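Visitor: Sharing a sequence plus its predicted fold:
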Amino acid sequence: MAQRAVWLISHEPGAPLGGTVRFSRRYPTVEKRAKVFNGASYMPIPEDGPFMKALLFELRLLDDDKDFIESRDSCSHINKTSVYGLLIGGGELWPVVAFLKNNMIYACVPLVEQTLSPHPPLISISGISQGFELLFGIQDFLYLGQKHDTEINTKLNQLPDLLLQACPFGTLLDANLQNSLDSINFASVTHPQKQPAWKVGTYKGKPQVSISITEKVKSMQYDKQDIADTWQVVGAVTCKCDLEGIMPNVTISLSLPTNGSPLQDILVHPCVTSLDSAILTSSSIDAMDDSAFSGPYKFPFTPPLESFNLCYYTSQVPVPPILGFYQMKEEEIKVKITVNLKLHESVKNNFEFCEAHIPFYNRGPITHVESKVSFGQLEVFREKSLLIWIIGQKFPKSMEISLSGTVTFGAKSHEKQPFDEICIGGTAYLKLHFKILDYTLTGCYADQHSVQVFASGKPKISTYRKLISSDYYIWNSKAPAPVVTYGNLSLQDNF
Amino acid sequence: MGPRSRETWAQRLGAFRASPSAFMAGPEGEDLGCDLLSELRSEKLSEQTKVSLLALSLEYPAQLWPDTAAAEAAATSLLDTLVLLPPRPSALRRPLLLAATTALAAGDALGPTSAASLRLLPLLLGLASGSDLGRGFGPASEQRSLQATACECLRELESCKPGLLGGRLGLLRGLLGQEGPVQPLSLLLALALRNALLIQARARAGLQGLLVAGDAPAVGIPWNWALAEEGAAHLQPQAPGWPAAEVQECGLAVLEPSPEEARELRAAVAQLLDTSYLLTPVAQAQLLWLLGWALRGLRGQPPVLFKPQLVRLLGTAQLTLLHAILALKAAFGEALFTAQDEALLLRRLTLAAQHPALPLSAHLFYLHCLLSFPENWPLGPTGEEAAPLLLGPRLCRGLLPSLLHDPMALLARLHLLCLLCADDEEKEEKAQDWSPQHYLEELLAGLRQRAALDGGPRALATLCFQASYLVVRCLAMQPAVLTPLTRGLAQLYQSRPALAPHFVDLLDRVGPELGEPLRVVLRQEVVARPGKDEALCWHLQILAKVADGNAQSATLGFLRAAAARCTDWDLQQALLQVCRALLRAGVGKGLADLLQALARQLEDPDGRDRARLYYILLAHLAGPKLGVALGPSLAAPAASSLVAENQGFAAALMVQEAPAPIRLSVGPRRAEGPVPVLQLQVEVLEPVYSLELRFRVEGQLYAPLEAVHVPCLYPGRPCRPLLLPLQPRRPAPTHLDVRALYTTPSGLTRHAHLPPLLVTFADLFLPFPQSPEGDKQGFFEELWDSCLPKGAESSLWCPLGPQGLEALVSHHLEPFVVVAQPPTSYHVAIHLPPNSRLLLRLEAAQVDGVPVALRTDDWAVLPLAGDYLRGLSATV
């Protein structure tokens, strides 16, 4: 259940070593146990340098894939999880939990309380999920709300103290590192009994509850007979409850209008105290019919101090908000493009922004564009080989807009234009970026009056909604699109 | 060394962290541990610097204090520092406690004889109990945090020495009921409880009231190490982490608590579970793992206690919580999860494995959990990944792979798809609307299309081959899958020959189901379409792998054409590598011409030499031997193929010593002819060819012996006796040293030292050649008389067995009898080469023996003859 060591390594493509160890922490008492448990298969934790080198190699992050290297490229070297075995000094260090996010590699080595040869199944190692949780926790701490390098450096400097708090001996106590930071600062507060470990201190002030529903809509549109278009809504309900008392109880109900799309695949925050079985079982795996549970979706919970995601859901709305087609034909160094977009009449025609990005991959820079748009304006980013059609805040009355034009390209230079493995030849897409405030595609809303709060004082309740696009692709219908299709199978994955 | 400033410490710590081993090997390494401890009490350093020093000691105690004594001293010093802290708030108390704990646990110092342990344990327990330890332990505001820290320290010590807190379970329970911090106490109690149960079960003892709440904080009472001593055996590699591992093995099943104990235990577990919602999600998961582990197999402890928690936890997306539920599932199976519960859990898992709100790593882990799902009634063999029975194609629809997935997700989903295909094949009536095989085929085609892209990243090619390998591994028995796969791969090679190393790797790893047809199509592909020059080296690499005895003329034709284009060293070597493969495959005639041509025409002398070598080998070695000579060397892979080849030659052409598969023994004597001849009987354990047996006699007793040759010997097939003529220079017994030289079925020549053969005195006996038909008695007397005076005479008593003299003579002396008067009198004349005689008169036999008079013309024979006769009587 414990970790033997944890690392943060920044990936620096092109740098001599390929990266830098930004943080590492070892747990010698756990290492002691590993030695006993692993017996002859025990492999000590290496020093940072050799570890980083082996990890970068295994993750294919060293720029040397010119030659076939058996230990990495062999067809039998199959990794189906983010858990790796690293070859270091003739031995294998396993299991190494590692993933790359925002150019940072998060890695740890969980303790396995048995021999390592043969490898026991991952499901039997409690430290694997704990390791993931620790790394996710560090990632959230570093990147939630943070964008600038200086802020991240500051946070990296706080990490040793935080882990001393949240994971003093390698056994994770709280994956929410922000909590640990607060608990250092709150140290002088006297705690009454039955204080939850996930809640540091109590709130003092005006009671208020804020609920915001964010729906992301993703879509794959092909404009083809034999391939079905797909779209999916993913919702997240975020809450911040500023309420006095140690354990205030709150119940939030999400409701749908009569023609709303049922919520499915609901995942809740651990603070939710009970769940209706209809909520637990409503799933996108099942065929939709009228009998599907359509709310209200009640979530009773005891809130933590900080803002948290009360639940996530998905939904299958009957139509995509914007339906379109994209036609692109190659003519030597030119391409001819035609785009047509139509906003569905049921969708609120009031965007915060709406843009169509039309990238051209594996070609040279744009040298010339001739275009005609029925609405909005077209911006050309020559070096990036990108067109952006700025549609603005509203679709016109007709709800339908179009773009046509010819784009000419210069010579391709390999250094500047990264290789795209999907968009080859005529295979191309346009991607829609839009945001509509105070609106959800499912119709889902949190009724202020249905929010029940069992705490002293009448809280102010505020609710927010928004719809944003995410992975909203319209593929060139004049060329093959990258999808495996058969029958009515639909692609419902994140891209 | 004097006190250091903050900056020098920062530098020193930085240098240490960059490479601890290098630092410790350097001049400053030795003092670091001592310096660190003394500087902690320096008043010049800030608390922050001291915290960073302590942080270092938390990570590298083994480097700072490498042995038990040093660790003990360090822990003592850290505890002293803690006690000496002024009573104001300090950031050092917590890290000092952690550091002292780490030093003891990591330094193997924890134990009843360690003074530091005996100081630390009561201190921790006192802090954990919330007792007032005096002003030295800081202001009241720090107590709560120190209480939690003390619990963590105790938990770590208990982890490293199971049973340490076994005697304090009651106290911990009491504390949890009071106002102690819930999470640290819960986790500590759960761990101590699990360890105590495990140790007691091993010792076949009950809980012995360990759980009964006691409220006296045990300061001052001597620490009870008994359970920890027993627990030492528990921290063993066999301790299974997964609760499903054999319950019997860990012995929990034998623990049968008394009704009161069971009640106490249930109450303690319920107490822990009831407050578990106050724990952070990761701590809740730990609690469930520990309690699930503690209670499984324990009689009278129904797991229903867990049920209320499950409903709450199933809805979450938390990786650790779902994982803990799976652990409970594995531990309790049907006792906790009905078939409906199992179905629901599978649905939640399937959902989590693709939920867009969760990160990829979580998806992949959930996919793994699906394929290793602990089913109530598993059908297949345990330990292998398989799709659970309840996970039908319907549930899997959302988990199908697509080209847009990350490689790991694609492979994980592909595995699931393959399992579906395998299931689908077994089903009699297949689903009409959707065929997993068809889907699989399209996906693989898409992967190949991407791998075929010129200049595309290697990762894409690797992914394509990994997918193909996975498919072959899962679906090797399905020609409907393999045929299009083979065709597709051939097309892939056609469009991108640079992938040759991947093809070679694939051929090395797949079985004959794909390997055989793929070899054939690749050979055809290469031979039929020589293509451009750039592809030549790849073609040769492929051919070296796939060339065999088939389609010889086409292959040779290709090589002849290619030879002209092989202008540099690399290409020539690659070309010769193909020739080598053909040599091994036994291709003869055309190849000899090609090799001769190459030996003349190649520009590079290295290439010419190698071609000539191959030609010579081809001309001089028979097929099997050639195959072995060129076969892969068993030695470690060499840097160059030539070296490897040389090693192969060395192995094949040198005579190696080996334990002999040959057994040699002396058969019945044949007393005839002019010289004594040993009849050798040979048995072999494996076929042996061209056997040559070489014999050597110590000293000059015999003339050198001729070797014996046998063309071939097979086990179990009788072989006529081998005759070994002996040419003694003196009539004396001896040992023959025997060596065998032979060829094994694989064509290797071996030599072996066989156990020595004994040539006895009797083996040398020959009858006198021409005893005249007429006067035998006269002939004998003549011989008898001729022995003296030069020779010697003796007489001895030869005891007889029940069968009497007749039997003895007929057994041993028959061929040498000159005059016989059965059953009482025999005259025996023995010729001993080279030219000695031994004459025996056996006359007037009595019931129990016969007097023997003997004469010989060679006095040296006398003792041998005596021994022989005495030996005869012994054998009777």
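Guide: Sure, I can see it.
Visitor: Is residue B:284 part of a helix or strand, or is it coil?
Guide: Look at residue B:284: counting by DSSP: H, G, I helix; E, B strand; the rest coil, its state is helix.
Visitor: ok, now how distant is it from chain A?
Guide: From residue B:284 across to chain A, the span is 7 Å (C-beta to the nearest C-beta, to the nearest Å). The way it works is simple: take the backbone N, C-alpha and C, and place the C-beta from them, glycine included.
Visitor: Nearest residue to that residue in space, please, no chain neighbours.
Guide: Among residues not flanking residue B:284 along the chain, residue B:276 sits closest, at 5.2 Å (C-beta to C-beta, 6 or more residues apart in numbering or on different chains).
Visitor: give me every residue that touches the one you found.
Guide: B:186, B:284, B:287-288, B:309 (C-beta atoms under 8 Å, 6 or more residues apart in numbering or on different chains).
Visitor: Near residue 315, how many other residues are there?
Guide: Picking chain A for this. Applying other C-beta atoms under 10 Å in any protein chain shown, we find 25 other residues in the vicinity of residue A:315.
Visitor: Not quite, go with chain B.
Guide: 23.
Visitor: thought it was touching residue A:281?
Guide: No - using C-beta atoms under 8 Å, residue B:315 is not in contact with residue A:281, being 10.4 Å away.
Visitor: quick one: buried residues of whichever strand or helix holds residue B:11?
Guide: For residue B:11, the enclosing helix or strand under DSSP states H and E is helix B:6-18. Going by neighbour count (16 or more other C-beta atoms under 10 Å in any protein chain shown), the buried part of helix B:6-18 is B:9, B:12-13, B:16-17.
Visitor: try stretch B:844-864
Guide: If you call a residue buried by 16+ other C-beta under 10 Å, then stretch B:844-864 has these buried ones: B:845, B:850, B:852, B:854-858, B:861-862, B:864.
Visitor: okay, now the domains of chain A?
Guide: The record's domain split for chain A, according to automatic domain parsing, is A:3-187, A:208-319+A:441-493, A:322-437.
Visitor: Of the ones you listed, which shows the lowest average pLDDT?
Guide: Of all these, domain A:208-319+A:441-493 carries the lowest average pLDDT, namely a mean of 86.
Visitor: Show the end-to-end separation of stretch B:365-376, please.
Guide: Start to finish, the residues bounding stretch B:365-376 are 21 Å apart (C-alpha to C-alpha, to the nearest Å).
Visitor: let me redo that: stretch B:556-571
Guide: Start and end residues of stretch B:556-571 are separated by 16 Å (C-alpha to C-alpha).
Visitor: Which residue, other than its chain neighbours, is closest to residue B:684?
Guide: In space, residue B:684 is closest to residue B:713, 4.5 Å off (C-beta to C-beta, 6+ apart).
Visitor: just to revisit the earlier point, pull out the buried residues from the contacts of residue B:276.
Guide: The neighbour-count test (16+ other C-beta under 10 Å) marks B:186, B:284, B:287-288, B:309 as buried among the contacts of residue B:276.
Visitor: Adding pLDDT and secondary structure as columns, could you present those in a markdown table?
Guide: Output for those, formatted as a markdown table (pLDDT from 0 to 100; DSSP: H, G, I helix; E, B strand; the rest coil):
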| residue | pLDDT | secondary structure |
| --- | --- | --- |
| B:186 | 95 | helix |
| B:284 | 95 | helix |
| B:287 | 95 | helix |
| B:288 | 93 | helix |
| B:309 | 86 | helix |
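Visitor: Tell me which two of these sit farthest apart.
Guide: Maximum pairwise distance among the buried ones among the contacts of residue B:276 (C-beta to C-beta): 13.1 Å, between B:186 and B:309.
Visitor: do you know how far the closest residue in space to residue A:165 that isn't next to it in sequence is from residue B:196?
Guide: The spatially closest residue to residue A:165, leaving aside those adjacent along the chain, is residue A:180, at 4.0 Å (C-beta to C-beta, 6+ apart). Residue A:180 is 30 Å from residue B:196, where distance means C-beta to C-beta, to the nearest Å.
Visitor: shouldn't residue B:627 be in contact with residue B:747?
Guide: Yes - here residue B:627 reaches residue B:747: they are 7.0 Å apart, a contact under C-beta under 8 Å.
Visitor: if I look at the two, which residues touch both of them?
Guide: Shared contacts of residue B:627 and residue B:747 (C-beta under 8 Å, 6+ apart): none.
Visitor: how much space is there between the residue lying closest to residue B:385 once chain neighbours are set aside and residue B:418?
Guide: Closest residue to residue B:385 in three dimensions, ignoring its sequence neighbours and counting by C-beta to C-beta, 6+ apart: residue B:371, at 4.1 Å. Distance, residue B:371 to residue B:418, using C-beta to C-beta: 11 Å.
Visitor: In terms of neighbours, single out the busier of these two.
Guide: Neighbour count, other C-beta under 10 Å: between residue B:371 and residue B:418, residue B:418 has more, with 23 against 20.
Visitor: Can you check the pLDDT for the more buried one?
Guide: At residue B:418, the predicted lDDT confidence score is 91.
Visitor: go on, the one 3 residues further on?
Guide: The model reports residue B:421 with a pLDDT of 86.
Visitor: likewise the one 3 residues further on?
Guide: The pLDDT attached to residue B:424 in the predicted structure is 74.
Visitor: can you check residue B:275 too?
Guide: On the pLDDT scale, residue B:275 gets 89.
Visitor: In contact with it, which residues?
Guide: Applying C-beta under 8 Å, 6+ apart to residue B:275 gives the contacts A:194, B:176, B:182, B:186.
Visitor: any idea which of these has the most stuff around it?
Guide: residue B:186 (28 neighbours).
Visitor: quick one on the thing from earlier: just the closest of the contacts of residue B:275 to residue B:609, please.
Guide: Of all the contacts of residue B:275, residue B:609 sits closest to residue B:186, with 77.0 Å by C-beta to C-beta.
Visitor: Now do the contacts for the closest residue to the closest one other than its chain neighbours.
Guide: Ranked by C-beta to C-beta, 6+ apart and with sequence neighbours excluded, the top spatial neighbour of residue B:186 is residue B:272, at 5.5 Å. Counting by C-beta under 8 Å, 6+ apart, residue B:272 makes contact with B:176, B:186, B:189-190, B:287, B:291.
Visitor: and what of residue A:429?
Guide: Contacts for residue A:429 were tallied using C-beta under 8 Å, 6+ apart; they are A:326, A:359, A:423, A:473-476.
Visitor: tell me which of these is nearest to chain B?
Guide: residue A:473 (9.7 Å; C-beta to the nearest C-beta).
Visitor: same for the helix or strand where the closest one lies, what does it pack against?
Guide: Under the criterion of DSSP H and E, residue A:473 resides in strand A:460-475. The contact analysis (3 or more C-beta pairs under 8 Å, 6 or more residues apart in numbering or on different chains; DSSP states H and E) places strand A:460-475 against strand A:208-221, strand A:322-331, strand A:429-437, strand A:445-446.
Visitor: among the ones you listed, which is nearest residue B:413?
Guide: The nearest among those, by C-beta to C-beta, is strand A:208-221 at 17.2 Å.
Visitor: Just checking: what are the partner strands of the helix or strand following the closest one?
Guide: Note on strand A:208-221: by DSSP H and E, the next helix or strand toward the C-terminus is strand A:230-242. Strand A:230-242 pairs in its sheet with strand A:208-221 (antiparallel), strand A:308-315 (antiparallel), by DSSP bridges.
Visitor: If you tally nearby residues, what's the number for the spatially closest residue to residue A:469 that is not a sequence neighbour?
Guide: The spatial neighbour of residue A:469 that comes closest, neighbours along the chain excluded (C-beta to C-beta, 6+ apart), is residue A:434 at 4.8 Å. Residue A:434 sits with 20 neighbouring residues when counted by other C-beta under 10 Å.
Visitor: what's the answer for residue B:27, then?
Guide: Neighbours around residue B:27, by other C-beta under 10 Å: 7.
Visitor: Could you give the backbone dihedrals for it?
Guide: Note on residue B:27: backbone dihedrals following degrees, to the nearest 10 are phi -70, psi -30.
Visitor: Point me to the residue of chain A nearest chain B.
Guide: Going by C-beta to the nearest C-beta, chain B is nearest to residue A:124 of chain A, at 3.1 Å.
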